[in-house]
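Q: can't give you the sequence, but here's the structure:
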């Protein structure tokens, strides 16, 4: 199988060297089936990506597409079944101990559910001070408290003194997520992996959290992986967008290019499913509604070839036989789809 995604070069003026790269990542989980059968979940197939300082890459797809699995491999929560990770140009050794701790100091994960990611028996100060002490940023309790207050101020929890000794259940969802972001910042990371950071929050505060993350990205020159099922949010936050379906990368490139000119049928399906008042008629019904075409397949026994072919309105016999190679569409835009060639040549479709 060919590479799941190319390394898209940053825009002019940006740092040209990626800080974190993933090449041909694969993840399979053994599971126990009925009657004692050993089964395998093929969660991610041959995924590649690159994260650049000061830029965000969005990973978009339905639930169950493998987005979180990729983030957790990058964070070293899961070790890849196959593939290579490179941090600052050097291969990451899949070992524990001090090497793993040092890696996680540079690469931090922000979880989807802030209430589940915070320990309910500890206050905010504990969550921040513990990381500061473990990673050597604070030598004394007084230093830990001072730095914890500064972190709360950075994520707009002010006055910080009022939040320092509160417990997670005493905070709103948005406040909890700000604490989780402050905790990720405590170790001065270079990469943030944000796993649907606003999906569990009230719609009214989505934009506040997104703007906070974008401000932190620009101020600290952070490399961001931004995971979302909302392709419109990806366009707002990230310079680049990769589309993932059932563990396979199917399209990617500059966010505006991917969303304004989607090529893969799955990307087109995602965009068509997004709310848009401009697509409603006088009766309030969608004028371009697509017919239902099934659900994401089981990853225990996924379809052969392109995994989207059972749902694809343009499926051809070759789509069942093999996964298409990457086709470059120009302007950094690429796709894996036989509608645009088989990846052996660069093509610019009309």
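A: Looks like it arrived, so ask away. The structure displayed is predicted, hence computed values, not measured ones. Numbers count the residues shown, from 1 in each chain.
Q: now do residue 164 against residue 317, distance only.
A: Applying C-beta to C-beta, to the nearest Å, the value for residue 164 to residue 317 is 63 Å. Quick note: C-beta positions are derived from backbone N, CA and C, even for glycine.
Q: those two: who's more crowded?
A: A count of neighbours by other C-beta atoms under 10 Å puts residue 164 above the other of residue 164 and residue 317, at 18 against 9.
Q: which element is the more buried one on?
A: Element membership for residue 164 (DSSP states H and E) is empty, with no helix or strand holding it.
Q: for the closest residue to it other than its chain neighbours, give its distance to residue 167.
A: Nearest non-adjacent residue to residue 164, counting by C-beta to C-beta, 6 or more residues apart in numbering: residue 125, 4.9 Å away. Counting by C-beta to C-beta, the separation of residue 125 from residue 167 is 10 Å.
Q: again with residue 190
A: From residue 190 across to residue 167, the span is 30 Å (C-beta to C-beta).
Q: so which of those two has more stuff around it?
A: More neighbours surround residue 190 than the other of residue 190 and residue 167, with 18 against 14 (other C-beta under 10 Å).
Q: quick one, phi/psi of the more buried one?
A: The phi/psi pair for residue 190 (degrees, to the nearest 10) reads phi -110, psi -20.
Q: correct me if wrong: it contacts residue 18.
A: No. Look at residue 190 against residue 18 with C-beta atoms under 8 Å: they stay out of range, at 11.3 Å.
Q: now the common contact residues for these two.
A: residue 223 (C-beta atoms under 8 Å, 6 or more residues apart in numbering).
Q: how many neighbours does residue 133 have?
A: 17.
Q: from here on, count from 21
A: In the new count, where the first residue is 21, that last one comes out as residue 153.
Q: tell me the pLDDT of residue 308.
A: With respect to pLDDT, residue 308 scores 53.
Q: how close does the residue nearest the centre of the chain sit to residue 87?
A: With distances taken as C-alpha atoms, centre = their mean, the chain has residue 247 as the residue nearest its mean C-alpha position (2.8 Å). Noted for residue 247: a distance of 5 Å to residue 87, by C-beta to C-beta.
Q: shared neighbours of the two, which are they?
A: Here residue 247 and residue 87 have 79, 215-216 as joint contacts, going by C-beta under 8 Å, 6+ apart.
Q: quick one: which of these is nearest residue 97?
A: Among those, residue 215 lies closest to residue 97 (C-beta to C-beta), at 10.5 Å.
Q: before we move on, the earlier item: surely the residue nearest to residue 184 forms part of a helix?
A: Yes. Under DSSP: H, G, I helix; E, B strand; the rest coil, residue 145 sits within a helix.
Q: shouldn't it be in contact with residue 168?
A: Yes. Contact status for residue 145 versus residue 168: in contact at 5.4 Å, counting by C-beta under 8 Å.
Q: how near is residue 41 to residue 281?
A: Note on residue 41: its distance to residue 281, by C-beta to C-beta, is 26 Å.
Q: in this structure, where is pLDDT below threshold?
A: For the chain, the stretches flagged by pLDDT under 70 are 21-35, 295-313, 363-370.
Q: tell me where the stretch 121-270 of the chain has helices.
A: Here the stretch 121-270 of the chain has its helices, by DSSP state H, counting those that start in this stretch, at 134-137, 144-154, 161-174, 193-205, 226-240, 251-257.
Q: who are the packing partners of the first one?
A: If you count contacts as 3 or more C-beta pairs under 8 Å, 6 or more residues apart in numbering; DSSP states H and E, helix 134-137 packs onto helix 193-205.
Q: one more: the last one?
A: Counting contacts by 3+ C-beta pairs under 8 Å, 6+ apart, helix 251-257 is packed against strand 76-80, helix 226-240, strand 243-248, strand 260-265, helix 275-280, helix 285-293.
Q: now do 7 Å
A: Using 3 or more C-beta pairs under 7 Å, 6 or more residues apart in numbering; DSSP states H and E as the contact test, the elements touching helix 251-257 are strand 76-80, helix 226-240, strand 243-248, helix 275-280.
Q: ditto for the fifth one
A: For helix 226-240, the helices and strands in contact under the criterion 3+ C-beta pairs under 7 Å, 6+ apart are helix 193-205, helix 251-257.
Q: deepest-packed of these, please.
A: helix 193-205 (a mean of 23; mean count of other C-beta atoms under 10 Å).
Q: quick revisit: neighbour count: residue 41 and residue 281, which is higher?
A: Neighbours per residue (other C-beta under 10 Å) separate residue 41 from residue 281, with residue 41 holding more: 21 against 13.
Q: got the phi and psi for that one?
A: According to degrees, to the nearest 10, residue 41 has phi -130, psi 140.
Q: export the helices and strands packed on helix 251-257 to TSV and tack on distance to residue 196?
A: Output for the helices and strands packed on helix 251-257, formatted as TSV (distance: least, C-beta to C-beta, whole Å):
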stretch	distance to residue 196
strand 76-80	22
helix 226-240	11
strand 243-248	18
helix 275-280	28
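Q: which of those is buried the deepest?
A: Highest mean neighbour count among the helices and strands packed on helix 251-257 (mean count of other C-beta under 10 Å): strand 76-80, with a mean of 28.
Q: report all helices and strands that the next helix or strand after that strand contacts.
A: For strand 76-80, the following helix or strand on the C-terminal side (DSSP H and E) is helix 87-94. With contacts defined as 3+ C-beta pairs under 7 Å, 6+ apart, helix 87-94 has these neighbours: strand 40-52, strand 58-71, strand 211-215, strand 243-248.
Q: turn these into JSON lines, columns for distance to residue 101.
A: Output for the helices and strands packed on helix 87-94, formatted as JSON lines (distance: least, C-beta to C-beta, whole Å):
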{"stretch": "strand 40-52", "distance to residue 101": "5"}
{"stretch": "strand 58-71", "distance to residue 101": "8"}
{"stretch": "strand 211-215", "distance to residue 101": "19"}
{"stretch": "strand 243-248", "distance to residue 101": "20"}
